[in-house]
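Novice: output the structure for:
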Amino acid sequence: MNRKQLRGGTRAGGYGSNPPGTLERSRTQPRELFETGIKHHQAGRLAEAEACYRGVLATHPNHADTVHLLGILALQGGRSEEAVRLIRRAIKLDDRNPHYFSNLASALQGLQRYDEALASCDKALALDPHIAEIFNNKGNALRGLKRLHEALACYGEALALKPDYAEALANRGNVLQELKRFEEAVLSYDKALAAKPDFLDALIQRGNALVELRRFEEAVDSYKRALVLEPRAALAFNNQGNALSELGRFEEALISYEKALFLEPGSALVLNNRGNALRKLSRFDEALDSYDKALALSPADALTFYNRGNLFQELKRFEEAVDSYERALAIEPGSPPVLNNRGNALLELGRFDEALASYDKALTLKSGDAVIYSNRGNVLQELKRFDEALASYDKAVALKSGDALTFFYRGNALMELKRPDEALTSYNTALALHTDFAEAHHNRGVALSELKRADEARTSYEKALALKPDKAHAFNSGKLLRQQV
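Specialist: Modelled structure (predicted):
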């Protein structure tokens, strides 16, 4: 997001009064050079503008506006330290120009010196409290300090002064996203785009907010509009790939990631996302290669280690999965998803006590996660602690009542506790949620057999076989199936 509103700060009538550092009227060449520099600057010809400004300073080294505009060029070129030095020099020459203080705040934000930036904005507002751009910059500084509600109020002040101020509307949308107020964020981006239809960053951020709202088709459209404006916007290609992945359109997502990588070959973020798409397409070797390339570029990326662990689990390479999860946890120790999936891999390896410890730690960090409670129930069953397993499944059901698999496992625990009538109810619920759940049909048959309801049991067994005839050996055993086969 372009959060910097840059203003030259030249004031009408400044040349006529001839304060220190002003270009004298008798010296038309430096004055014309200054004005030519401004024209180049406004047209985006930054090198030409800089040459003009330096030409002015060769004869008028104390011309504050020229020094300030050189600072703006440095800021636009990403040279924030140089920008701070130049704009502070301009302020020493003229400390009554509010725009100088505002743009100093922008340069300080580039260095993440948000407290100083905020103080500079306050000085600017003390000089003139009616400039929308200064309130916008102050909002940016407050956002950097994570004072989000105050930032929101500042953007509101900017918009009260200038209702169609696209940058303030977009920045307001960014803060609303951080506050998880995604519907409002989309509305703010829409207003920004109504004021400035070619606002690339607003289109990308609008797409991001729509993804959070799970409005993926609209998000794809927003990214496409961004790419029409800027076909080399790697971020838009990456984020479009994410939205396409959420729609299950993995081949298209992969194309989008490849385009992003063509533009930014060294992007660990895109390589990670590309790996995810390849994994969904069952192109596992390529997925692993993509994750490994991402980690070579960004070895402290916990998310890529997590995704790599998930790939190893899918390949049933559980030791390597555990290693990948543990590397992720070394970087981010408090990640419930990583702890949960590490527990799953340890469960597959028969390391039940370690798996239980992993689930328990995850639940201390995220106590309202139904999936973790369900998985915890599974390992408790393996440890023959069936009462505790049942209690864990009951917590999972209380948090999320629509998961067929949890009801299936809950039924298994009840069967182990010799409560077949309750188990039957649990299997029936699982089948109401997922009618083609073959293993639930089979275990329902086992429960019915325990209840001496042989004909109903036979019907359940037959249904299981019809759904998965290739699993006939498992279904013909008449034994309780502990998991999907």
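Novice: report the residue spans of the protein with pLDDT below the cut-off.
Specialist: In the predicted model, the chain carries pLDDT under 70 at residues 1-28, 484-485.
Novice: quickly list the domain ranges of it.
Specialist: Domains of the chain are assigned by automatic domain parsing as 1-162, 163-297, 300-396, 402-485.
Novice: mean neighbour count added to the ones you listed, as CSV?
Specialist: All C-beta spots, glycine's among them, are computed from the backbone N, C-alpha and C. Listed next are the domains of the chain as CSV, based on neighbours: other C-beta atoms under 10 Å:
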stretch, mean neighbour count
domain 1-162, 19
domain 163-297, 20
domain 300-396, 20
domain 402-485, 19
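Novice: what ranges does the stretch 101-250 of the chain have for its helices?
Specialist: Using DSSP state H, counting those that start in this stretch, the helices of the stretch 101-250 of the chain run over 114-127, 132-144, 148-161, 166-178, 182-195, 200-212, 216-229, 234-246, 250-263.
Novice: need those helices in JSON lines with distance to residue 91, can you?
Specialist: Output for these, formatted as JSON lines (distance: least, C-beta to C-beta, whole Å):
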{"stretch": "helix 114-127", "distance to residue 91": "9"}
{"stretch": "helix 132-144", "distance to residue 91": "14"}
{"stretch": "helix 148-161", "distance to residue 91": "22"}
{"stretch": "helix 166-178", "distance to residue 91": "23"}
{"stretch": "helix 182-195", "distance to residue 91": "31"}
{"stretch": "helix 200-212", "distance to residue 91": "29"}
{"stretch": "helix 216-229", "distance to residue 91": "36"}
{"stretch": "helix 234-246", "distance to residue 91": "34"}
{"stretch": "helix 250-263", "distance to residue 91": "39"}
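Novice: for residue 433, find the nearest of the ones you listed.
Specialist: Taking C-beta to C-beta, helix 234-246 is the member of those nearest to residue 433, at 22.9 Å.
Novice: neighbouring contacts of the closest one?
Specialist: Under the contact criterion C-beta atoms under 8 Å, 6 or more residues apart in numbering, helix 234-246 has outside partners 200, 203-204, 207-208, 210-211, 214, 216, 219-220, 223-224, 226-227, 230, 250, 252-254, 256-257, 259-260, 263-264, 267, 269-270, 273-274, 276-277, 280.
Novice: equivalent analysis for stretch 302-312, please.
Specialist: If you take C-beta under 8 Å, 6+ apart as the criterion, stretch 302-312 is touched by 268, 271-272, 275-276, 279, 284, 287-288, 291-292, 294-295, 298, 318, 320-325, 327-329, 331-332, 335, 337-338, 341-342, 345.
Novice: report the distance from stretch 38-55 to the chain centre.
Specialist: Taking C-alpha atoms, centre = their mean, to the nearest Å, one finds stretch 38-55 lying 37 Å from the centre of the chain it belongs to.
Novice: one more: stretch 456-471?
Specialist: Its chain's C-alpha centre lies 44 Å from the corresponding centre of stretch 456-471 when counted by C-alpha atoms, centre = their mean.
Novice: and if you look at stretch 471-485?
Specialist: For stretch 471-485 - counting by C-alpha atoms, centre = their mean - the centre lies 42 Å from the chain centre.
Novice: who touches that stretch?
Specialist: Contacts of stretch 471-485 (C-beta under 8 Å, 6+ apart): 378, 381, 405, 412, 415-416, 438-439, 442-443, 446, 449, 461, 464-465, 468.
Novice: out of those residues, which are inside helices?
Specialist: Counted as lying in helices by DSSP state H, out of the contacts of stretch 471-485, are 378, 381, 405, 412, 415-416, 438-439, 442-443, 446, 449, 461, 464-465.
Novice: tell me the one of these nearest residue 57?
Specialist: The closest of the ones in helices among the contacts of stretch 471-485 to residue 57 turns out to be residue 405 (C-beta to C-beta; 71.8 Å).
Novice: nearest residue to that closest one in space, please, no chain neighbours.
Specialist: residue 374 (7.0 Å; C-beta to C-beta, 6 or more residues apart in numbering).
Novice: need the contact list for the one you found.
Specialist: 392-393, 396, 403, 405-406, 409.
Novice: re the thing from before, so which of the contacts of stretch 302-312 sit within helices?
Specialist: Using DSSP H, the subset of the contacts of stretch 302-312 located in helices is 268, 271-272, 275-276, 279, 284, 287-288, 291-292, 294-295, 318, 320-325, 327-329, 331, 337-338, 341-342, 345.
Novice: show me what contacts residue 178?
Specialist: Residues in contact with residue 178 (C-beta under 8 Å, 6+ apart) are 143, 148.
Novice: pull up the gap between residue 415 and residue 355, please.
Specialist: From residue 415 across to residue 355, the span is 22 Å (C-beta to C-beta, to the nearest Å).
Novice: repeat for residue 153
Specialist: For residue 153 relative to residue 355 (C-beta to C-beta), the value is 48 Å.
Novice: these two touch, right, residue 272 and residue 297?
Specialist: No: shown here, residue 272 and residue 297 do not form a contact pair, counting by C-beta atoms under 8 Å, at 9.7 Å.
Novice: which SSE is immediately downstream of the helix or strand hosting residue 53?
Specialist: Applying DSSP states H and E as the criterion places residue 53 in helix 46-59. Once the chain leaves helix 46-59, the next helix or strand it forms, by DSSP H and E, is helix 64-76.
Novice: distance from the chain centre to the very next helix or strand once past that next one, please.
Specialist: Proceeding C-terminally, helix 64-76 gives way to helix 80-93 as the next helix or strand, assigned by DSSP H and E. Chain-centre distance of helix 80-93: 34 Å, with C-alpha atoms, centre = their mean.
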